[in-house]
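J.: got a structure for you, letters missing:
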């Protein structure tokens, strides 16, 4: 094996400075290794659909039985029951039209689901646009929206629905109540 | 290049990096920031290694890594600054869409970054051009292969992976059968 040729600037042109470059490389790699390890130790998600969470791509185009259009672009949140989930719903209501909150020009429908409550109902807020409808519906709609994890613990998610009731997007988002800017971009695109 | 300009550039990069991280964290999308940044750094260092080998001159790894990161995160910047949702064609930005559903995105992009870093150092710092370029190209090829084989983005709600462990296992089995 050839020995590594080390140049300390003896070549014409810019110096290669191997030791200095090695120090820079190791520093960068150590910093990013720390970040990756910290991500893993913090329980960095490895769920089956993790790559699809908050992807921001409108890949869907389908109607869901039980969900009716509200006449305006709507954010349909599937939230579990319990104090933590309810705090998030209250925070979302409080943040409407404020920084990090969802503007009131879009509807916000919250489905509070519980696996113990069977069945589902039609959802629509046509008569009261722009307000929060919090409906205790049971798990069926959550399953239809591929958001079943909302039923087990507080792992909420949401769907983005066109004014005539077509679902264009769905994602889990544990802090959905603080991501109004991200949601508004999607709602603007389907409005 | 004057030393003050170099340091001003480094300072600007550091400030930009902090602002970028802050934007990702505020949206609860640090994971996205991590994989796209790693991809960008790796691609930039790959180009730096190949350029260094081609010109037989050392290249600035930091500058090329930063340029790669800018390209890789561009769709997210468009999302935030221009209210533009992601589209499939944004794969042109170093696989920005496909990398999400590739096998183990964090490990994949981290491995690519580590390999590209050493490739750049081998070529640019110790003049081992053949080894460095071979390493850079092999890492890039593995990354590209992972993107090509990434799971498709679901076009129907039933295509989303299920929530529970048992459901997930059944889904994985169905996925294998479908291929």
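T.: It's in. Source: prediction; values computed, not measured.
J.: what distance do you get for residue B:69 to residue A:39?
T.: 17 Å (CB to CB, to the nearest Å). To be clear about C-beta, it is placed using only N, CA and C from the backbone, and glycine gets the same treatment.
J.: need the helices for chain B, in chain order.
T.: For chain B, the helices defined by DSSP state H occupy B:3-26, B:30-55, B:61-82, B:105-124, B:129-148, B:165-178.
J.: next one: chain A
T.: Under DSSP H, chain A gives helices at A:18-41, A:83-95, A:140-144, A:180-190.
J.: where does chain B have low pLDDT?
T.: B:163-179 (pLDDT under 70).
J.: what count of nearby residues applies to residue 19?
T.: Picking chain A for this. 11 (other CB atoms under 10 Å in any protein chain shown).
J.: let's do chain B instead
T.: 9.
J.: tell me if I'm right that residue A:81 and residue A:112 touch.
T.: Yes - counting by CB atoms under 8 Å, residue A:81 touches residue A:112, with 5.5 Å between them.
J.: more neighbours: those two, which one.
T.: Taking other CB under 10 Å, residue A:81 and residue A:112 do not tie; residue A:112 has more neighbours (22 against 17).
J.: that one bridge partners, please.
T.: Counting by DSSP bridges, residue A:112 forms beta bridges with residue A:79, residue A:136.
J.: how far away is it from residue A:158?
T.: 13 Å.
J.: check residue B:156 too.
T.: 18 Å.
J.: those two: who's more crowded?
T.: residue A:158 (27 against 11).
J.: residue B:69 and residue A:39: which is more packed in?
T.: residue B:69 (25 against 16).
J.: let me see the contact set for the nearest residue to that one once chain neighbours are set aside.
T.: Excluding its sequence neighbours, the residue lying closest to residue B:69 (CB to CB, 6 or more residues apart in numbering or on different chains) is residue B:40, at 3.4 Å. Residue B:40 sits next to B:65, B:68-73, B:94 when contact means CB atoms under 8 Å, 6 or more residues apart in numbering or on different chains.
J.: quick check: residue A:111 touching residue A:75?
T.: No - Residue A:111 is beyond contact range of residue A:75, at 11.1 Å (criterion: CB under 8 Å).
J.: quick one, which of the two is more surrounded?
T.: residue A:111 (29 against 22).
J.: for that one, give its distance to chain B.
T.: Residue A:111 is 15 Å from chain B, where distance means CB to the nearest CB, to the nearest Å.
J.: for residue B:69, give me its contacts.
T.: So residue B:69 contacts B:36-37, B:40-41, B:44 (CB under 8 Å, 6+ apart).
J.: if we go to 6 Å?
T.: By CB atoms under 6 Å, 6 or more residues apart in numbering or on different chains, the residues touching residue B:69 are B:37, B:40-41.
J.: returning to that earlier point: and of the helices of chain B, who's closest to residue A:144?
T.: helix B:165-178 (14.5 Å; CB to CB).
J.: what sits against residue B:151?
T.: Applying CB under 6 Å, 6+ apart, the residues near residue B:151 are residue B:101.
J.: go on, the one 3 residues further on?
T.: Contacts here follow CB under 6 Å, 6+ apart; on that basis residue B:154 touches residue B:160.
J.: if we use 10 Å, what do you get?
T.: Residues in contact with residue B:154 (CB atoms under 10 Å, 6 or more residues apart in numbering or on different chains) are A:49, A:52, A:55, A:57, A:59-60, A:146, A:170, B:101, B:160-161.
J.: before we move on, back to that, joint contacts of residue A:111 and residue A:75?
T.: Here residue A:111 and residue A:75 have A:158-159 as joint contacts, going by CB under 10 Å, 6+ apart.
J.: and residue B:64, how close does it get to chain A?
T.: The gap separating residue B:64 from chain A is 12 Å, by CB to the nearest CB.
J.: need the contact list for the residue positioned nearest the centre of chain B.
T.: Chain B has residue B:39 as the residue nearest its centroid, 1.2 Å off, counting by CA atoms, centre = their mean. Counting by CB under 10 Å, 6+ apart, residue B:39 touches B:68-69, B:71-73, B:93-96, B:99, B:105, B:108-110, B:112-113, B:116, B:143, B:147.
J.: and the gap between it and residue B:14?
T.: From residue B:39 to residue B:14 the distance is 20 Å (CB to CB).
J.: check what pLDDT residue A:136 gets.
T.: pLDDT for residue A:136: 58.
J.: right, is stretch A:93-109 up against chain B?
T.: Yes - residues of stretch A:93-109 contacting chain B under CB under 10 Å from any CB of the partner chain: residue A:100.
J.: cheers, nothing more for now.
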